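>>> the following comprises the amino acid sequence and a computationally predicted model.
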Amino acid sequence: MTTSTTTDHPQRELRTIEVPVRGMDCAECTVHVREAIESLPGVRSASVLLASEKAIVHLDPAQVDTPAIRKAIEGAGYSVPAAAGEVEPSSRASAAHFTRAVLTLLGIVFGVVLLVVVLGVWLGLFGAVTARVPWPVGLAVVLLAGYPIFVNVARAALRGKVISHTLMSVGVLAALLVGQWVTAVIIVFFMRVGDYAERFTTERGRRALKDLTALAPQTARVERDGQEVEVAAADVGVGETVIVRPGERIPVDGEVLGGQATVDQAAITGEPLPVEVGPGARVFAATFARLGSIRVRATHVGVDSTFGRVVRLVEEAEANRADVQRIADTFATYYLPVVATIAALTFALRRDPLATAAVLVVACSCSFALATPIAMLASVGAAAKRGILVKGGKYLEQLARADVVLLDKTGTLTFGRPWITDVVAVGGASEEEVLSLAASADKYSEHPLAEAVRMLARERAVLVYEPAHFKALPGLGVRAEVEGRAVAVGNRRLVSAPYESAALAQLEAQGKALLFVGRDDEVVGVLAASDMPRPEVPAALAALRELGIRHIELLTGDNARAAASLAEPLGVTYRANLLPEDKIAVVREYQQRGHVVVMVGDGVNDAPALAQADVGIAIGDAGATVATEAAHIALLRDDWMLVPDAFRIARRTMRTVRLNIGFTAVYNVLGLSLAAFGFLPPIFAAAAQSLPDLGILANSSRLLRQK
């Protein structure tokens, strides 16, 4: 069990705890558990996660405690491990696995036998045989086969609840009352088939999360007291040095202190190609060192690592339900009374107990409850594998409806650091000479523009000399002596003989910063610097337009000239000189006009606008905590093509959800109509009720294969 603390009352602290829950097999189970927990005084809210098999409870510890929650869960017919958060003993786990295996085998044998009986009854081969079986024997078979179902129905009835199996159990009772015990047995059989299908559907959703958590290494090799010690990965402390050898997964987020390795980072960033890392490089937990050995200083461990946050966000995504899911849940709530009413009318008008039983049997509200969460869970898992973290199904729904995209500039459309784009030589000097003088004078400067100068010098392999008498002049630039000559690199105010030309005017019109290079009080060249746009942005914006996004606007705190130089080539409108609160105002402006707004930012200075937008997408560093916490969707690598990918995933998901709901509605209306008019006998009604779950599973599983 994990806890966190918040406060909503000056004298009272609220806590959020996680309680593992065992025995949930369907979406309806989560509703029962949630209602049981929320019925306790002191519980503010509860979210029950089917895939993670746990409940997240927001409570007042002065009014309710963990034992009370455990008792409520057990009273609802489910269980909590002996100590919340502890792993079950291996002997109990082994016994549970053995029991499940035996029951599965018996279920298969029982199913084969019943299928033979179904065919026999259908063909009229077993009428004489079944007529000779005493009714008490048939009743015993029904009770034995349907025991788990009937127990759940009884527990629900004691709590005043009606579940989908309640109606089917009434149908079984109706079949027994008219002497058709074989029909009752076959109904029970198909009820069990439906349960197995739904359990399989649930396990498919759980498997994605289990596969994700399985990537985390359980142990780590740590340097302690001059020796390598193997410890549990959870016991590694921040600042400790971890040794990673070839073929091992990296257990922590950290910085490489020494060594070289080829690291597969697909588990975190979705990047298919391995990267080379060396001293100073950042690495992430759960990534795989294919070649080479490295020493890593741990910066984030356990749940605080990038991988830990990925797992947490995927878990929490199930709790953030889409509006369409809430509609489906509400529909399911009212659906059962409607079915009971139809059954009563059928009996009142037709006086046909078999038709009435068929109406009760064919109804299945579980398919409505499954229509949305299975599709959402599949998409969230598939998106995570591509490096797209979605914090809940409701954001997929909003993203699918979005029609306005607002963009930050620095760090989002651009790399967020300056690059030297132009070298202008003056007075007979060559470009190499100008660059050499500038890089030499800037050799020890910490200014970002100085780093850009040095980087270009390295790329062009020009000579860089050791400067003498280096002096940084804040707000102006630097002065130094290079090969016996006085060199100055900085703005116009630094050089004594300013240089102007049409070429420089054009560079300034493009929003570029100018660095003048002077030698012995004469200007020998000018360097132009700007923040370079990401190369994939034009293609990504074109893809958004193909998806129907008609309005894309740039919001930046830069001046209008810099904004225009970036926005105009991309074909987007812009607003410049904006403060963070101005960006929020723009988002609200579009929302008040009825638009669904997506804000794309780097997750740091854009956090308020990301939160205000209907969907905030943070693009940037996989390790940036702010990026993953502030936005509703976080991209784990600097690849703008993931933005249209997220839109495609959202729209495909909503198409699947609508198809699931539509299919279920049509199927149930058709089934109820056929049963009410006597065209669907109870035996075939039982078989028919399990098919919607299989259809939803098959349709939703397509989302796991996102292209």
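That came through fine.
>>> which element is the nearest residue to residue 523 once chain neighbours are set aside on?
Nearest non-adjacent residue to residue 523, counting by CB to CB, 6 or more residues apart in numbering: residue 499, 4.1 Å away. (C-beta placed from N, C-alpha, C; glycine too.) Under DSSP states H and E, no helix or strand contains residue 499.
>>> check contacts around residue 499.
426, 516, 523, 526 (CB atoms under 8 Å, 6 or more residues apart in numbering).
>>> how close does it get to residue 245?
Per CB to CB, to the nearest Å, residue 499 is found 57 Å from residue 245.
>>> for the stretch 1-150 of the chain, give me the ranges with low pLDDT.
Across the stretch 1-150 of the chain, residues meeting the criterion (pLDDT under 70) sit at 1-12, 25-28, 51-52, 82-133.
>>> before we move on, the earlier item: dump the contacts of residue 499 to CSV, plus pLDDT, neighbour count and secondary structure.
Putting these into CSV (pLDDT from 0 to 100; neighbours: other CB atoms under 10 Å; DSSP: H, G, I helix; E, B strand; the rest coil) gives the following:
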residue, pLDDT, neighbour count, secondary structure
426, 87, 18, coil
516, 92, 25, strand
523, 89, 22, strand
526, 92, 24, strand
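>>> out of these, which two sit at the greatest distance?
426 and 516 (9.2 Å; CB to CB).
>>> give me the common contacts of the two.
Counting by CB under 8 Å, 6+ apart, the shared contacts of residue 426 and residue 516 are 499, 523, 525-526.
>>> thinking again about what came up before, quick check, nearest of the contacts of residue 499 to residue 414?
residue 526 (21.7 Å).
>>> what's near enough to touch residue 283?
Applying CB under 8 Å, 6+ apart, the residues near residue 283 are 244, 250, 253-256, 263, 265, 277, 294, 296.
>>> which one of these is nearest residue 16?
When these are compared for distance to residue 16 (CB to CB), residue 253 wins out at 24.2 Å.
>>> quick check, pLDDT for that closest one.
Looking at residue 253, its pLDDT reads 90.
>>> picking up where we left off before, out of the shared contacts of residue 426 and residue 516, what pair is the most spread apart?
Taking CB to CB, no two of the shared contacts of residue 426 and residue 516 sit farther apart than 499 and 525, at 8.8 Å.
>>> any shared contact partners between the two?
Common neighbours of residue 499 and residue 525 (CB under 8 Å, 6+ apart) are 426, 516.
>>> ok, and the closest non-adjacent residue to residue 278?
Using CB to CB, 6+ apart, the closest residue to residue 278 is residue 260 (4.9 Å).
>>> are we agreed that the one you found is in a helix?
No - read with DSSP: H, G, I helix; E, B strand; the rest coil, residue 260 is strand and lies in no helix.
>>> quick one: secondary structure of residue 189?
Recorded secondary structure, residue 189: helix (three-state DSSP).
>>> what's the spacing between it and residue 182?
As judged by CB to CB, residue 189 and residue 182 stand 10 Å apart.
>>> same check, this time on residue 20
Counting by CB to CB - residue 20 and residue 182 are separated by 41 Å.
>>> same thing with residue 573?
From residue 573 to residue 182 the distance is 72 Å (CB to CB).
>>> helices of the stretch 301-450 of the chain, start to end?
Using DSSP state H, counting those that start in this stretch, the helices of the stretch 301-450 of the chain run over 306-317, 323-350, 353-362, 366-371, 373-385, 393-401, 431-441, 448-460.
>>> over to the stretch 501-650 of the chain?
Applying DSSP H, counting those that start in this stretch to the stretch 501-650 of the chain gives helices spanning 502-509, 537-546, 560-570, 580-592, 607-612, 625-630, 642-676.
>>> got CSV for the ones you listed, with mean pLDDT and mean neighbour count too?
Converted to CSV, these look like this (pLDDT from 0 to 100; neighbours: other CB atoms under 10 Å):
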stretch, mean pLDDT, mean neighbour count
helix 502-509, 82, 13
helix 537-546, 94, 16
helix 560-570, 85, 18
helix 580-592, 87, 16
helix 607-612, 78, 21
helix 625-630, 53, 19
helix 642-676, 89, 20
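>>> residue 148: which of those is closest?
For the helices of the stretch 501-650 of the chain, the distance to residue 148 is smallest for helix 642-676, at 24.1 Å, taking CB to CB.
>>> which residues belonging to stretch 550-561 are considered buried?
Residues of stretch 550-561 classed as buried by neighbour count (16 or more other CB atoms under 10 Å): 552, 554-558.
>>> and of these, the nearest to residue 75?
Nearest to residue 75 among the buried residues of stretch 550-561: residue 555, at 52.7 Å, using CB to CB.
>>> residue contacts, the closest residue to the closest one other than its chain neighbours?
Distance criterion CB to CB, 6+ apart; nearest residue to residue 555, sequence neighbours excluded, is residue 583 at 5.0 Å. Counting by CB under 8 Å, 6+ apart, residue 583 makes contact with 406, 408, 555, 599, 606, 608-609.
>>> so for residue 20 and residue 182, which sits in the more crowded spot?
residue 182 (24 against 19; other CB atoms under 10 Å).
>>> shouldn't the more buried one be within a strand?
No - per three-state DSSP, residue 182 lies outside any strand segment and is helix.
>>> that one against residue 138, yeah?
Yes - Residue 182 lies in contact with residue 138 (CB atoms under 8 Å); the separation is 7.0 Å.
>>> what's the local residue count around residue 619?
The burial count for residue 619: 26, using other CB under 10 Å.
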